[in-house]
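Undergrad: Sequence plus predicted model, see below.
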Amino acid sequence: MDKKFYVTTPIYYVNDQPHIGHTCTTLAADIIARYHRLLGEKVFFLTGTDEHGAKVAQAAKKAGLLPQDFCDQVSQSFQNIWPQLNIKYHYFVRTTNPDHKKIVQAMLQKIYRRGDIYQAQYQGYYCVGCEKFITETELVNGRCPLHPKQKIQKQSEKNYFFKLSAYVPSLIKAIEDESDPHHYEIIPESKKREVLSKLKVGVADLSVSRAHVAWGIPVPWDEKQTIYVWFDALLNYYSALEINHQKKFWPANVHVVAKDILWFHTVIWEAMLLSAGLSLPKTIFIHSFYTVAGQKMSKSLGNVITPHQLLEKFGIDGTRYLIAANFPYSSDRDVSWQKFDEKFNADLANGLGNLVARIAKLCENSQLKFEPAKPGWDRRYQKYLAKYQLEPALKLVWQWISRADQQVNQNQVWQQKGAALKKSLQSLVADIRQIAYHLQPFVPETAAKIAKQFAGPAIKTQPPLFPRLK
Ligand code: MSP
């Protein structure tokens, strides 16, 4: 049987246009998906948009549109941007899809029948920006720390609650005990520790319905209430497979998300699945944020850089490289146009582009013939990608690039002749092939161009891969 691999991104809220914060997550998922396809696995890569809830309803109202029309419009801009970045997902899920809605209702009903849902009075704070119930202790100056510009609302209403607290012992065991049948991995380790310590303090039950949010999926047995947007949203990972008749991919091998939605993806989601009797994801990979001058890049702070802006300046692979090489893994990453420009010139125009041009020229001048050969995966690179460490994997490739460059200089290849020249060039051509091979998941078009140019037997010069920015 073919090995299967299921990778997902968060489904993005349609209150916002895509920026490079969203892009880094979707691109990471694309790189992971491409890598696993190259390993010969059957891959299902899912992304989409999250379209219900108070936040989206408010944004639609502000835009003067009906919620569904507004969702159609913004969802389209997410659907449009990914192919422009050569991101190849298999399905784009939308939570306003009628099939998704039915599946969510059926799942809530199942959990209800199982006795995990009860009615009670909710009293407390709700941050519409986060679409999240928050406790008084989480407030900073009376506001949500992630949405300091928005007033926080105090609410009191009758809701349906999910017995999240009942699952805490099972979740702790599933995270800590590798032999537990429900074991799941949280990467990086620091996030796993954070989740465990919060779980050990104790967790309150979760309200899974809203009495005054009309833009949502009705609770099947009480149509006056709508299903809490996060309960609806998380189920996209399941509904998308059912809609596509691809349940063989269940459960996910990896959910890629950022730290803002850590709790939903490492606690609430798994408790829902345990209650519904479904198997749990294998890994949740949590990355950090892009920041601009120290502040999280987000629409509400008005400091976004868009993928369109990067594409215009750096092209598809330039953009893919800059995002992956600056990936905010376990700590936030401050980005700026100046840093992107410098990195483009140093690593792509000078580093990779220059080396490829230099060696192609030497090969062409030598008039030698080079046997075609296919490289294999490097073990260290594979170890990095197994832990989703994109930047270290790229750094390794750039070490090979500078090593090859040093080799040219040390041996003064341009002065070599006969057997010595042949030996040097054969080794350099093997290096370039190895470099191109490992660049495939990251910069697929560039990798293919280099592989073609260096396929042999005759190797010729080509126009520069990444012309230097002025
Ligand atoms: N709709 C929910 C997710 C539901 S998933 C079942 C949501 N949407 S969101 O539009 O706010 O997207 C949040 C995600 O976008 C983050 O987890 C991250 O993947 C990405 N990012 C948004 N801003 C980001 C940065 N500034 N930096 C890095 N990633 C960022 O939450």
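TA: All right, it came through fine.

Undergrad: what's the first-to-last distance across stretch 8-22?
TA: One end of stretch 8-22 to the other measures 13 Å (CA to CA, to the nearest Å).

Undergrad: ok, is that stretch in contact with the ligand or not?
TA: Yes: remark: stretch 8-22 sits within contact range of the ligand at 10-13, 16, 21-22, by CB under 6 Å from any ligand atom. For the C-beta atoms, the positions are set from N, CA and C on the backbone; glycine is no exception.

Undergrad: so Gln119 bridges to which residues?
TA: Counting by DSSP bridges, Gln119 is bridged to Tyr160.

Undergrad: The ligand versus that one, what's the distance?
TA: Distance from Gln119 to the ligand, counting by CB to the nearest ligand atom, to the nearest Å: 25 Å.

Undergrad: go on, Leu355?
TA: Distance of Leu355 to the ligand, computed by CB to the nearest ligand atom: 31 Å.

Undergrad: thought that residue was touching Ile401?
TA: Yes: with contact defined as CB atoms under 8 Å, Leu355 reaches Ile401; the gap is 5.4 Å.

Undergrad: immediately after the helix or strand that contains Phe231, which helix or strand?
TA: Assigned by DSSP states H and E, Phe231 belongs to helix 229-234. Downstream of helix 229-234, the first helix or strand assigned by DSSP H and E is helix 236-243.

Undergrad: Centre of the chain to that following helix, how far?
TA: Relative to its parent chain, helix 236-243 has a centroid offset of 18 Å by CA atoms, centre = their mean, to the nearest Å.

Undergrad: For that helix, list the C-alpha coordinates in CSV.
TA: The C-alpha trace of helix 236-243 is given here as CSV (Å, rounded to 0.1, in the frame of the first residue of the first chain):
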residue,chain,number,x,y,z
ASN,A,236,-13.1,21.4,8.1
TYR,A,237,-10.2,19.0,8.4
TYR,A,238,-12.6,16.1,8.6
SER,A,239,-15.5,17.4,6.4
ALA,A,240,-13.1,18.1,3.5
LEU,A,241,-12.1,14.5,3.3
GLU,A,242,-15.6,13.2,3.5
ILE,A,243,-16.8,15.7,0.8
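
Undergrad: Please list the residues outside it that contact it.
TA: Residues outside helix 236-243 that contact it (CB atoms under 8 Å, 6 or more residues apart in numbering): 6, 8, 11, 44, 46, 48, 50, 91, 93, 95, 97, 99-100, 103-104, 107, 247, 249-250, 252, 255, 269, 278, 281.

Undergrad: Could you give the average pLDDT over that helix?
TA: Confidence over helix 236-243 (mean pLDDT, whole number) is 98.

Undergrad: now the strands for the stretch 201-350 of the chain?
TA: 206-207, 209-210, 218-219, 222-227, 254-258, 283-287, 290-292, 295-296, 333-334 (DSSP state E, counting those that start in this stretch).

Undergrad: Nearest to His182, out of the ones you listed?
TA: strand 283-287 (13.1 Å; CB to CB).

Undergrad: what packs against that closest one?
TA: Under the contact criterion of 3 or more CB pairs under 8 Å, 6 or more residues apart in numbering; DSSP states H and E, strand 283-287 touches helix 20-38, strand 185-187, strand 254-258.

Undergrad: CSV for those, including mean pLDDT and mean neighbour count?
TA: What follows is the helices and strands packed on strand 283-287, written out as CSV (pLDDT from 0 to 100; neighbours: other CB atoms under 10 Å):
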stretch, mean pLDDT, mean neighbour count
helix 20-38, 98, 23
strand 185-187, 98, 18
strand 254-258, 98, 23
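
Undergrad: Relative to Gly318, which of those is closest?
TA: helix 20-38 (12.7 Å).

Undergrad: Summarise which helices and strands the closest one is packed against.
TA: strand 4-13, strand 42-50, helix 67-84, strand 254-258, strand 283-287, strand 290-292, helix 307-325.

Undergrad: again, only this time at 7 Å
TA: In terms of contacts (3 or more CB pairs under 7 Å, 6 or more residues apart in numbering; DSSP states H and E), helix 20-38 is packed against strand 4-13, strand 42-50, strand 254-258, strand 290-292, helix 307-325.

Undergrad: Get me the contact residues on this structure for the ligand.
TA: For the chain, the residues in contact with the ligand (CB under 6 Å from any ligand atom) are 10-13, 16, 21-22, 24-25, 50, 233-234, 236, 257-258, 260-261, 289-290, 296-298, 328.

Undergrad: Just the buried ones from those, in ChimeraX syntax?
TA: Here is the ChimeraX command that picks out the buried ones among these, judged by 16 or more other CB atoms under 10 Å:
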select :10,11,12,13,16,21,22,24,25,50,233,234,236,257,258,260,261,289,290,296,297,298,328
